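> Structure of the sequence below:
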Amino acid sequence: MMRIIEKTFILLLAAALFAACGSDNESKSVLNSPNIGGADGANSTGGTDGADATGGIGGVGGGAGGLDAAGGAGGLDAAGGAGGLDSAGGAGGLDAAGGAGGIDAAGGAGGIDAADGVPIETLLQRIAISTCGAINRCCNDGEIDLFWSSISNHPRFEEINATLPPQTPYDPDNCEETVERAYDVAPFGDWIDAVDRGLASYDANAATTCLNALDAAACGQDLINTLYDGTCFAFQPPVSRNRNAFDRLGNIGDQCLSIADGAAGTFYGTCDPTNAWCATEVDDQKRITAAGALGTCVAAAQINEPCGLFPSATICARGSSCSVDGICEDTERVGTAMLGEPCFNTMTFTTLATCEVSYCDMTGTGHCEALKVNDDACIASYECLSGNCIEAVCSARSYCGGL
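Numbering: from 1, shown residues only. You can find the predicted model right below:
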């Protein structure tokens, strides 16, 4: 039965090969040709090639492979070509499926945005494409340096810091490779490792939703909201919640991986932060597990329970923080405060209230202060009446408001 199928496949393939050649003798593909099929135009299908040759790269669809050769890769938004009798199908383009495999071979890999969302194998690449696309279309040179300044000084980047902007001149043509290399170190490389180990789950559709929003963001405030959205793929993680694309799976007693993604990533790692944190035993004492290392999920302290780092560490569960008295306090019950009232405890680094028509001076007084006007010195945009702190000055121009 298999021989009948194989002969049928060969006859059909041969017919397709000769049909694709047309009447132009110079462009004909001979069945036994050892050559690689040529690339086709922007709106054309890649050329079918000979018995032992690879199908061409198509502008729309990758060409079918020869008898024993792989199908061609698809174009930007197109499917990969079908594989030959014993060969794999071609890889899909950015938004398309991979080509079908031959009788004895696997189908090609899906594109970066496959039908069921961004595959985790191409997540870093896709984050880099969207991030670089956003800053290149909306941000001037100074704003791009500010974007990188908030990233490159992370402790995990010590070995590559000198190769990152602004320490090295920004090159838009090299942006995607730079972002992918940096984000593999922190914060997303550890998450991908955790998913590969079965310690965290990955939601491909949630990742795609986040990245599509960044691709579609208008310059200015819309871009700021998406580029710095910690629930998606901003460098800084969200406060008191998970990123949309990842979920921690560890319960008490399970193995965990500490994640280089903010303080919560280091403390809780892949443990469920409502009841556990990621610990390492050192001389019978619990210690916080170093980012990127494996530990064990142990019980987290709940509200009104003891906490601290010494002699043996005990970390508070999410939604609470360790007070100066060594007791977990509820941090979810945050009210409002007016100008001049306390809003932030600079000793315990906990938020006391949300400022109304003012900003919380977390690095100074810990009180609600008057919003700054244009040309006043600033550290962050929330200090400014305009909502824009650009190059350390409150400005009327929106950050990354377009070129």
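
> Could you pull up phi and psi at the closest residue to residue 320 other than its chain neighbours?
Of all residues not flanking residue 320 in the chain, residue 328 sits nearest, at 4.3 Å (CB to CB, 6 or more residues apart in numbering). Backbone N, C-alpha and C define where each C-beta goes, glycine included. Note on residue 328: its backbone torsions stand at phi -70, psi 120 [degrees, to the nearest 10].

> ok, now which ones touch residue 328?
By CB atoms under 8 Å, 6 or more residues apart in numbering, the contact list for residue 328 reads 301-307, 316-317, 320-322.

> So which of those residues wins on neighbours?
residue 316 (25 neighbours; other CB atoms under 10 Å).

> For that one, list the residues it contacts.
300-303, 305, 307, 322, 328.

> Name the residues linked to it by a beta bridge.
Assessed by DSSP bridges, residue 316 has beta-bridge partners residue 301.

> what's the spacing between it and residue 197?
26 Å (CB to CB, to the nearest Å).

> ok so, going back, single out whichever of the contacts of residue 328 has the smallest pLDDT.
On pLDDT alone, residue 321 ranks lowest of the contacts of residue 328, at 87.

> Give me the phi and psi for the residue nearest the centre of the chain.
By CA atoms, centre = their mean, the chain has its centre lying nearest to residue 127, at 4.5 Å. Dihedral pair for residue 127: phi -60, psi -40, per degrees, to the nearest 10.

> just checking, it touches residue 183?
Yes: between residue 127 and residue 183 there is a contact under CB atoms under 8 Å: 6.1 Å.

> Could you pull up the residues touching the nearest residue to residue 189 once chain neighbours are set aside?
Distance criterion CB to CB, 6+ apart; nearest residue to residue 189, sequence neighbours excluded, is residue 183 at 7.0 Å. Applying CB under 8 Å, 6+ apart to residue 183 gives the contacts 124, 127-128, 189, 235.

> Need the three-state assignment for residue 183.
The three-state assignment at residue 183 reads helix, by DSSP: H, G, I helix; E, B strand; the rest coil.

> check contacts around residue 297.
By CB under 8 Å, 6+ apart, the residues touching residue 297 are 250-256, 269-272, 276-279.

> Look at it and give its secondary structure.
Residue 297 ends up strand, using three-state DSSP.

> Roughly how far does it sit from residue 237?
Computed as CB to CB, the residue 297 to residue 237 distance reads 19 Å.

> Please apply the same query to residue 385.
28 Å.

> Tell me which of those two has more neighbours.
Taking other CB under 10 Å, residue 385 and residue 237 do not tie; residue 237 has more neighbours (18 against 15).

> who touches stretch 195-203?
Outside stretch 195-203, the residues that touch it by CB under 8 Å, 6+ apart are 117, 120, 123, 191, 194, 244-250, 254-257, 270.

> Swap in 6 Å and give it another go.
Here stretch 195-203 makes contact (CB atoms under 6 Å, 6 or more residues apart in numbering) with 120, 194, 245-249, 257, 270.

> for these, which one is nearest residue 375?
The shortest approach to residue 375 among the contacts of stretch 195-203 belongs to residue 245, at 39.8 Å (CB to CB).

> And the pLDDT at the closest one?
98.

> what about the nearest residue to it once chain neighbours are set aside, distance to residue 190?
Nearest residue to residue 245, sequence neighbours excluded (CB to CB, 6+ apart): residue 207, at 4.1 Å. According to CB to CB, residue 207 and residue 190 sit 16 Å apart.

> Repeat that for residue 131.
18 Å.

> So between those two, which is more surrounded?
A count of neighbours by other CB under 10 Å puts residue 190 above the other of residue 131 and residue 190, at 25 against 22.

> Wait, a helix at the more buried one?
Yes: according to three-state DSSP, residue 190 belongs to a helix.

> pLDDT wise, what is it at?
Reported pLDDT at residue 190 in the predicted model: 98.

> just residue 258 next, same as before
Residue 258 carries a pLDDT value of 98.

> next one: residue 49
In this model, residue 49 is scored at 37, pLDDT.

> Pull the number of nearby residues for residue 163.
The burial count for residue 163: 13, using other CB under 10 Å.

> make that residue 347, sorry
For residue 347, the count of nearby residues is 9 (other CB under 10 Å).

> Once you drop chain neighbours, what's closest to it?
Nearest residue to residue 347, sequence neighbours excluded (CB to CB, 6+ apart): residue 324, at 5.8 Å.

> a strand runs through that neighbour, doesn't it?
No: in this structure, residue 324 is coil, not part of a strand, as judged by three-state DSSP.

> and the gap between it and residue 303?
With the distance defined as CB to CB, residue 324 ends up 16 Å from residue 303.

> Tell me which stretches of the chain form helices.
With DSSP state H as the criterion, the chain has helices at 2-21, 123-138, 141-152, 175-185, 188-196, 204-216, 221-227, 262-268.

> how much space between the nearest residue to residue 253 once chain neighbours are set aside and residue 243?
In space, and not counting its chain neighbours, residue 253 is closest to residue 297: 6.4 Å by CB to CB, 6+ apart. Going from residue 297 to residue 243 by CB to CB gives 19 Å.

> How about residue 345?
If you go by CB to CB, the gap between residue 345 and residue 243 works out to 27 Å.

> Excluding sequence neighbours, find me the nearest residue to residue 272.
Of all residues not flanking residue 272 in the chain, residue 248 sits nearest, at 5.5 Å (CB to CB, 6+ apart).

> try residue 232
Nearest residue to residue 232, sequence neighbours excluded (CB to CB, 6+ apart): residue 210, at 3.5 Å.

> For residue 229, see how far away the one you found is.
Spatial separation of residue 210 from residue 229 under the definition CB to CB is 7 Å.

> neighbour-wise, which of these two wins?
Higher neighbour count among residue 210 and residue 229: residue 210, with 24 against 18, using other CB under 10 Å.

> quick one: pLDDT of the more buried one?
pLDDT, residue 210: 98.

> Residue 364 - how many residues pack around it?
The local packing of residue 364 (other CB under 10 Å) involves 11 other residues.

> For it, grab phi and psi.
Taking degrees, to the nearest 10, you get phi -130, psi -100 for the backbone angles of residue 364.
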